[in-house]
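Enquirer: Next input, structure requested:
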Amino acid sequence: MREFRRYFVLVFIIFVFSATAAASVRLPAVIGGNMVLQQGMELNIWGWAGPGEEVTVLLNENETSTEANKLGEWKVKLPAQEAGGPFTMLVSGENRITLENILIGEVWVCSGQSNMEKKIGPMPGQRPVTNWVHEIAAADYPKIRLFHVPRATSGVPVSDVNADWMECSPGNIGNFSAAGYFFGRHLHRETGTPVGLIMTSWGGTRSEPWTPPSGFALVDETADITRKVDQANQEYQEDMAAYLTAKSNWEEQVKGLAVSGNPLPYLPLEPVHALDSHREPAGLYNAMVAPLIPFNIRGAIWYQGESNKGDRLDYANKMKALIKGWRTEWNQGDFPFYFVQLAPFDYEKTDEVGYGYPEAYFLPEIWVAQLKTLEVPNTGMAVTTDITELYDIHPTNKQAVGKRLALWALAKDYGRGDLVFSGPLFKGIKVEGAGIRVSFDHTGSGLASIDGEPLNWFEIAGSDGMFRKAEAVIEGDQVVVSCPEVKNPSAVRFGWHELAVPNLMNKEGLPASPFNSELLP
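Expert: Numbers count the residues shown, from 1 in each chain. Okay, the predicted model is just below:
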């Protein structure tokens, strides 16, 4: 893949930079004025210049130099910095670039589909978030910086995006990710540290377009996608080689015909890569994530899955490919990756799937797939079953979503081990006579009912495999489930319907995730 990417960088330089009389130092858009650089890490600064051109980077009295390689690429590392600012960065070669108002702090990537893309203010076909007018008016946080990657697709990794860093203010927050902003705002309020938020999302998209080929290659269950990507890349290389030959021949023909005054032949059409789409594997990663790498980040938050609902349990493999792929390409180790478990929603009234399986159970299997994703190290999940709006796939309470994601980060990455950061997550079962005792992780100071009513949405099954509505009683940090019709129970499930809004939580107010003991270890 690296050789493939390098080939197209070379093609790009030949056809773009060969026409430039004098080379100049350039930077990718993600390295710009108003940016936040990640504290506590050696900082990657990179860009382009003339082959062999010396480039010097100066930041906060730290200076380093390098020479651009034969492709015009250069990269330096600056020493790790402590949080603070504002600072000025100077980048100089044959020209000089001055970047001002730079902060050192925490950088997070915010990605996914429409629930991550959902803005604070009004959007066509969507309601604004809860209390949106006040939220916009109060968004005066100059130490929160925003970088909004525009929608784009590509069949091969590209080197840059068209975006700028901005200070968070009432004038620009209305068009930014609501979930991302509320996540970053909570971190900033709790830590006092500058926060940089990179929004790269696209409504209605599956996880596969956001995944690099390296991710699919690391998960055996996605081998068919790897084969598809490899075939598309091979075909494009062959088509591009033929195109370049045809273009060269055309240029020779044009030289003679232009002098003779004869009609000119049509220019050969450049081939289109089969993956150049927001629906194809890697098509969004290539255009909306790859250009951000190797910009240093603390981690990523992810809100997606509605478009993968038909994958059911296989969605866990897709998520593992995504996370492993991003970590491989960023080369920063197992950086934090926190995601949102989808909220209950009435899909049956909006979709016609026809798979011969009750569609009301598709979403519960996605919930289990998201639980299984927690097997990947350094991941976390914000449960949202209690903040749903059953007939709106875009719940408006994004404040709670952002805060729950931030709780994971505060506890795991910012030394707040005292926080209860998750709702109860299924741990295991133990059959006790005619009942089943269910144990959980993240019970906090104890279990409780959200509304004070008896626990709901628990079902129990016996040897016949038929689940029946059950009575559930809290005993300490466990729940005992039973049903008079089930004498020899073997399995229990909770919240197993797309319209389920269950009422189990811990006393810290964080809801329990739905589960099915038959599908979990």
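
Enquirer: Now for this structure, the helix or strand with the poorest mean pLDDT.
Expert: For the chain, using mean pLDDT, DSSP states H and E, the weakest element among its helices and strands is helix 2-16, scoring a mean of 40.

Enquirer: partners of the helix or strand following that one in the sheet?
Expert: Note on helix 2-16: by DSSP states H and E, the next helix or strand toward the C-terminus is strand 36-38. Its sheet considered, strand 36-38 pairs with strand 96-112 (parallel) by DSSP bridges.

Enquirer: For the strand it pairs with, the averaged confidence score.
Expert: Summarised as a single mean, pLDDT over strand 96-112 is 98.

Enquirer: Distance from it to the middle of the chain?
Expert: Distance of strand 96-112 from the chain centroid (CA atoms, centre = their mean, to the nearest Å) equals 18 Å.

Enquirer: List the buried residues for that strand?
Expert: 97, 99, 101-112 (16 or more other CB atoms under 10 Å). The C-beta positions use only the backbone N, C-alpha and C, and glycine is treated the same way.

Enquirer: Phi and psi next, for the closest residue to Glu432 other than its chain neighbours.
Expert: Spatial nearest neighbour of Glu432, chain neighbours left out: Val480 (7.4 Å); criterion: CB to CB, 6 or more residues apart in numbering. Main-chain dihedrals, Val480, degrees, to the nearest 10: phi -100, psi 130.

Enquirer: burial measure for Val480, as a count.
Expert: 17 (other CB atoms under 10 Å).

Enquirer: How about Ala137?
Expert: Using other CB under 10 Å, Ala137 is surrounded by 10 other residues.

Enquirer: before we move on, what about Gly476?
Expert: For Gly476, the neighbour count with other CB under 10 Å is 9.

Enquirer: got the contact list for the closest residue to it other than its chain neighbours?
Expert: Among residues not flanking Gly476 along the chain, Gly446 sits closest, at 7.2 Å (CB to CB, 6+ apart). Residues counted as contacts of Gly446 (CB atoms under 8 Å, 6 or more residues apart in numbering) are 476-477, 506-507.

Enquirer: I'd like those residues as TSV, with pLDDT appended.
Expert: Formatted as TSV, these follow (pLDDT from 0 to 100):
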residue	pLDDT
Gly476	94
Asp477	97
Asn506	98
Lys507	98
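
Enquirer: among these, who's most crowded?
Expert: Neighbour max across these (other CB under 10 Å) = Asn506, 21 neighbours.

Enquirer: which residues touch that residue?
Expert: Counting by CB under 8 Å, 6+ apart, Asn506 has contacts 420, 423-424, 442-448, 512.

Enquirer: which residues of the chain score low on pLDDT?
Expert: 1-23, 258-261, 349-357 (pLDDT under 70).

Enquirer: now the helices for it?
Expert: For the chain, the helices defined by DSSP state H cover 2-16, 114-117, 132-137, 178-191, 213-217, 223-260, 285-288, 315-330, 362-373, 398-413.

Enquirer: Pick the most buried one from those.
Expert: Compared across the helices of the chain, helix 285-288 shows the largest average neighbour count, a mean of 26 (mean count of other CB atoms under 10 Å).

Enquirer: who's in contact with that one?
Expert: Outside helix 285-288, the residues that touch it by CB under 8 Å, 6+ apart are 149, 151-158, 161, 200, 202, 209-212, 275, 325.

Enquirer: Buried members of those into ChimeraX, please.
Expert: With 16+ other CB under 10 Å as the burial test, the buried ones among these are selected in ChimeraX as follows:
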select :149,152,153,154,155,156,157,158,161,200,202,209,210,211,212,275,325
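
Enquirer: from the contacts of helix 285-288, which ones fall inside strands?
Expert: Cross-referencing the contacts of helix 285-288 against strands under DSSP state E gives Thr200.

Enquirer: since we're on the residue nearest to Ala500 when sequence neighbours are not counted, how many residues are nearby?
Expert: In this structure, Ala500 finds its nearest non-sequential neighbour in Trp457, 4.7 Å apart by CB to CB, 6+ apart. When neighbours are counted by other CB under 10 Å, Trp457 registers 21.

Enquirer: do Gly52 as well
Expert: Close neighbours of Gly52, defined as other CB under 10 Å, add up to 11.

Enquirer: My read is that it contacts Ala68, right?
Expert: Yes: using CB atoms under 8 Å, Gly52 is in contact with Ala68, at 6.3 Å.

Enquirer: now do the same end-to-end measure for stretch 303-323.
Expert: For stretch 303-323, the first-to-last residue distance is 13 Å (CA to CA, to the nearest Å).

Enquirer: Who are the contact partners of Val376?
Expert: By CB under 8 Å, 6+ apart, the contact list for Val376 reads 319-320, 323-324, 337.

Enquirer: before we move on, what about Gly452?
Expert: By CB under 8 Å, 6+ apart, Gly452 has no neighbours at all.

Enquirer: Please apply the same query to the one 10 residues further on.
Expert: By CB under 8 Å, 6+ apart, Gly462 lies in contact with 486-490.

Enquirer: Which members of these occur in strands, if any?
Expert: Counting by DSSP E, no part of the contacts of Gly462 is found in strands.

Enquirer: correct me, but the residue nearest to Ala500 touches Phe494?
Expert: Yes: when contacts are counted by CB under 8 Å, Trp457 is listed as touching Phe494 (5.9 Å).

Enquirer: quick one: common contacting residues for the two?
Expert: Common neighbours of Trp457 and Phe494 (CB under 8 Å, 6+ apart) are 502, 514.

Enquirer: Return the set of residues that bridge with Glu73.
Expert: Beta-bridge pairing for Glu73 (DSSP bridges): Trp48.

Enquirer: tally of neighbours for it?
Expert: Count around Glu73 with other CB under 10 Å applied: 16.

Enquirer: hang on, isn't it packed against Trp48?
Expert: Yes: between Glu73 and Trp48 there is a contact under CB under 8 Å: 6.1 Å.

Enquirer: quick one, phi/psi of the residue nearest to Asp413 when sequence neighbours are not counted?
Expert: Among residues not flanking Asp413 along the chain, Pro336 sits closest, at 5.7 Å (CB to CB, 6+ apart). Main-chain dihedrals, Pro336, degrees, to the nearest 10: phi -60, psi 140.

Enquirer: which residues touch Pro336?
Expert: Shown in contact with Pro336 (CB under 8 Å, 6+ apart): 298-300, 378-380, 408-409, 412-413.

Enquirer: Domains in the protein, by residue range?
Expert: Domain ranges of the chain: 21-219+279-413, 425-519, per automatic domain parsing.
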